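Participant: Just need the structure, nothing else, for what follows:
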Amino acid sequence: MSVFLDDRPKPVRSLSRFVVFALVAVIGVSGLTARLFYLQVVEGGRFATLSTRNRTVLEAIRAPRGVIYDRNGRALVSNVPTFVVKLRPADLPVERRPEVVDRLAALLRMPASDINATIDGNPGSTFDLVRIANDVDEQTARLISEAGFDLPGVEVAIEARRQYTDGPLMSQILGYTGPVSGDQLKNLKASGYLPDDLIGKVGLESVYETELRGVYGSESVERDATGRKTQVLQTVSEARPGDSLTLTIDTKEQQYAQKALQWAMKEVGMKRGVVIAMNPQTGEIIALVSLPTYDNNQFARGISNADYAKLLNNPDKPLLNHAIQAHYPPGSTYKLVAGTGALADKKITPSTKVATKGYLTLGSTRFYDWNHRGFGMCDIYCGFGHSSDTFFFQMAGKLGIDRLGYWAKQYGFGEPTGIDLPGEVSGIVPTNQWKQDTLGSRIFPGETYQAGIGQGYDVVTPIQLINAYAALANGGTLYQPQLVREIVGPDGTVVRPFEKKVLHKMDVPANVLKVMRNAARSTVTLRHTYNLVDLPVKVAGKSGTAEFGTRDSKGRLPFHSWFVGFVPKDVRNGSFDRTDSGLVVLAFAYDSRTKGNVATEIVKYYLQQHFAIKKDYRLPDLLKRGNFYQSN
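Facilitator: Numbering: from 1, shown residues only. Next comes the predicted model:
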């Protein structure tokens, strides 16, 4: 008899459970095996291809940007190799961004806020590289490159940077390149621009962007898991270098112009000024200086936000090209318009004499001559030569504002000249229609008087004014001012030769222009410009002062100074009856307020350098401050 120590019932083991479990296991393993077979055998080729695509990408080959030369073949802009640091946001873990940015900022010696702003302002996708810093020194570049996994998403590359040979001397002309903006990329992506591309921002770099940029090529490259390039697999298409530019600018003449302007600005304490020299027979700009200016190499190297803010907030606007992007009242230089119109409309003849008193009365208002005495009976040579205000009040009155506006348009005022620089403004030529559209009323007679002497609503750009006198000097052809003489291909062939561009032929009789050229010579021979007549070269031209702004405690207004002059082809013995002048020069002195006309002294100094005149004819005493007219 058996004795059970445990009287609990023995468990009944169900065979059905084993069968179900075995069946599930068989089905599961079979399914996995089938899926593995499908993925590795059936679809293996496709996934291998996809894997290759993931690590192989097509990249652009940047084209060398075209260089820029002056008219004598001197290099003004070149390309130099430099290290740049970029970052791919998609490869930078969000939680590590503060750490990476801070470390990168320390290595690059730049504010972390600038790096964050650059990343956040990325115009492309998170998979596109963002340009963080240009012109990085070699040691820093090596440190960043060797950091590897400690700086995820960060890459170091070698690219060409623009080198501007003369820096500030040519900045207003050449401009600079900078990162493409988001708005620009929207329009340019289809043309092959990349989110981390550089593009011409201002100056000739901007206007001739298409020619300078060239055509990018492409290559197939292999990248590792971190996104870094490991090898180039294939060059798909070669890059075509950009075209180069040969300018009309002569570096030596540019230096002369800048030296003359800087001298006067220092003597007077002026803050702004312009000097332009051009060939009136072709429209070629020989020199163009606008001060204050900036160093475009700052932008090429990558300007900091702080330094850029300083330029933007400077009240004297160094980023503005005052020769074309700002307009000012032309003062007595505008008497050219009233004199030409009065002769062409037969209101006077060259021999007509007009009484010039100390003032004219219109209603209850007195319109004074600049010297408050007048010049007696004056013909056009006397009136223009002495710059008599009352003479030209009467000329403007005889013409009326609309005819005065017509003749101003003949000289190109009120419209852009078309110079190959961006941002040119139009100026203003007042007419009845203009005032009606702008202010809702017609021009008053007193405003016509003021318009006749370049005051009131009249405003012009320096480039317009020199172009008008160039047309006077050449016999009546208004040319488009040009800064680029030739465009040259990578192989040295001339892609676009220089061609004169005629804006229009002036509808002015040749004898009228001859009279006005000789009247401009009278400005010099009558010593309205002091000793300018003593130079060993013949000069004709017109000075001008133009009031603006707020009156001082004595009721006097500040004023700008102008002078624009030209010389005959035979500078020592030539005649202003002829239309062969090869040089016209303009100076503009902003808020000069000097005893004499400082702009005349600037042009005089430029001419001394240009013609290698050893004797110094400058009159520094005329550059003493004084808030009253001494010449007009």
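Participant: pLDDT weak spots in the stretch 151-300 of the chain?
Facilitator: Along the stretch 151-300 of the chain, segments meeting pLDDT under 70 span 224-230.
Participant: where along it do the strands fall?
Facilitator: 154-164, 176-179, 198-202, 217-223, 229-237, 244-247, 273-278, 285-291 (DSSP state E, counting those that start in this stretch).
Participant: Render the CA-only coordinates of the third one in CSV, please.
Facilitator: What that stands for is strand 198-202. Written as CSV, here are the backbone C-alpha positions of strand 198-202 (Å, rounded to 0.1, in the frame of the first residue of the first chain):
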residue,chain,number,x,y,z
LEU,A,198,28.6,84.6,-52.0
ILE,A,199,27.1,87.2,-54.3
GLY,A,200,27.9,90.8,-55.3
LYS,A,201,26.1,93.1,-52.9
VAL,A,202,26.9,96.6,-54.1
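Participant: That one - which strands sit beside it in the sheet, and in what orientation?
Facilitator: strand 176-179 (antiparallel) (DSSP bridges).
Participant: again with the fifth one
Facilitator: According to DSSP bridges, strand 229-237 forms sheet pairs with strand 217-223 (antiparallel).
Participant: The longest one now?
Facilitator: Looking at strand 154-164 with DSSP bridges, its partner strands are strand 75-87 (antiparallel).
Participant: Can I get the partner strand in PDB? Just the C-alpha atoms.
Facilitator: This file holds the C-alpha atoms of strand 75-87, laid out as PDB (Å, rounded to 0.1, in the frame of the first residue of the first chain):
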ATOM      1  CA  ALA A  75      44.700  94.500 -60.700                       C
ATOM      2  CA  LEU A  76      42.100  96.100 -58.400                       C
ATOM      3  CA  VAL A  77      40.400  92.800 -57.300                       C
ATOM      4  CA  SER A  78      41.800  89.300 -57.100                       C
ATOM      5  CA  ASN A  79      41.000  86.000 -55.600                       C
ATOM      6  CA  VAL A  80      43.100  84.600 -52.700                       C
ATOM      7  CA  PRO A  81      42.700  81.200 -51.000                       C
ATOM      8  CA  THR A  82      41.300  81.200 -47.500                       C
ATOM      9  CA  PHE A  83      39.800  78.900 -44.900                       C
ATOM     10  CA  VAL A  84      36.100  79.100 -44.300                       C
ATOM     11  CA  VAL A  85      34.100  77.500 -41.500                       C
ATOM     12  CA  LYS A  86      30.600  76.200 -42.300                       C
ATOM     13  CA  LEU A  87      28.000  74.300 -40.400                       C
END
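Participant: How about the next helix or strand along the chain from it, which residues are buried there?
Facilitator: As assigned by DSSP states H and E, the chain's next helix or strand after strand 75-87 is helix 97-108. For helix 97-108, burial by neighbour count (16 or more other CB atoms under 10 Å) applies to R97, V100, V101, R103, L104, A105, L107, L108. To be clear about C-beta, it is placed using only N, CA and C from the backbone, and glycine gets the same treatment.
Participant: Work out for me the element I613 sits within.
Facilitator: Counting by DSSP H and E, I613 is part of no helix or strand.
Participant: In contact with the closest residue to it other than its chain neighbours, which residues?
Facilitator: Excluding the flanking residues, the one nearest I613 by CB to CB, 6 or more residues apart in numbering is P536, at 6.2 Å. Counting by CB atoms under 8 Å, 6 or more residues apart in numbering, P536 touches R572, F611, I613.
Participant: Can you tell me who Y328 pairs with across the strands?
Facilitator: Going by DSSP bridges, Y328 forms beta bridges with V460.
Participant: Just checking, which helix or strand of the protein averages the lowest pLDDT?
Facilitator: One helix or strand of the chain scores below all others by mean pLDDT, DSSP states H and E: helix 44-55, with a mean of 50.
Participant: how close does the residue positioned nearest the centre of the chain sit to K514?
Facilitator: Among the residues of the chain, the one closest to the centroid is G203, at 3.4 Å (CA atoms, centre = their mean). The spacing between G203 and K514, counted by CB to CB, to the nearest Å, is 38 Å.
Participant: And for L185?
Facilitator: In terms of CB to CB, L185 sits 55 Å off from K514.
Participant: cool, L58 as well?
Facilitator: Taking CB to CB, one finds L58 at 66 Å from K514.
Participant: neighbour-wise, which of these two wins?
Facilitator: A direct count of neighbours by other CB atoms under 10 Å for L58 and K514 places K514 higher, at 18 against 11.
Participant: in which helix or strand would I find that one?
Facilitator: K514 belongs to helix 510-525, assigned by DSSP H and E.
Participant: What's the mean pLDDT across that helix?
Facilitator: Helix 510-525 shows a mean pLDDT of 98.
Participant: Please state the offset of that helix from the chain centre?
Facilitator: Relative to the mean C-alpha coordinate of its chain, helix 510-525 is positioned 35 Å out (CA atoms, centre = their mean, to the nearest Å).
Participant: next one: stretch 99-113
Facilitator: Per CA atoms, centre = their mean, the centroid offset for stretch 99-113 relative to its chain is 32 Å.
Participant: Identify all contacting residues around that stretch.
Facilitator: 85, 87, 92, 114-116, 119, 132-133, 136, 140, 143-144, 147, 150-154, 304-306.
Participant: Mind doing that once more with 6 Å?
Facilitator: I115, N116, A133, T140, L143, I144, L151 (CB atoms under 6 Å, 6 or more residues apart in numbering).
Participant: so what's the second one up against?
Facilitator: Each residue near N116 by CB under 6 Å, 6+ apart is listed here: V101.
Participant: wait, is it part of a helix?
Facilitator: Yes - secondary structure of N116 (DSSP: H, G, I helix; E, B strand; the rest coil): part of a helix.
Participant: Show me where the stretch 201-350 of the chain has its helices.
Facilitator: 203-207, 209-213, 251-268, 296-301, 305-313, 335-344 (DSSP state H, counting those that start in this stretch).
Participant: Now tabulate the ones you listed in JSON lines and tack on distance to A589.
Facilitator: Below are these laid out as JSON lines (distance: least, CB to CB, whole Å):
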{"stretch": "helix 203-207", "distance to A589": "24"}
{"stretch": "helix 209-213", "distance to A589": "34"}
{"stretch": "helix 251-268", "distance to A589": "7"}
{"stretch": "helix 296-301", "distance to A589": "25"}
{"stretch": "helix 305-313", "distance to A589": "22"}
{"stretch": "helix 335-344", "distance to A589": "19"}
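Participant: looking at those, which is buried most?
Facilitator: helix 335-344 (a mean of 27; mean count of other CB atoms under 10 Å).
Participant: just to revisit the earlier point, so in that sheet, which strands flank the very next helix or strand once past the helix holding K514, and in what orientation?
Facilitator: Moving toward the C-terminus from helix 510-525, the next helix or strand (DSSP H and E) is strand 540-547. Note on strand 540-547: by DSSP bridges, its sheet partners are strand 559-567 (antiparallel).
Participant: Please compute how far the partner strand lies from its chain's middle.
Facilitator: 23 Å.
Participant: Show me what the mean pLDDT comes to for it.
Facilitator: Strand 559-567 comes out at a mean pLDDT of 95.
Participant: ok, now stretch 602-616?
Facilitator: When pLDDT is averaged along stretch 602-616, the result is 98.
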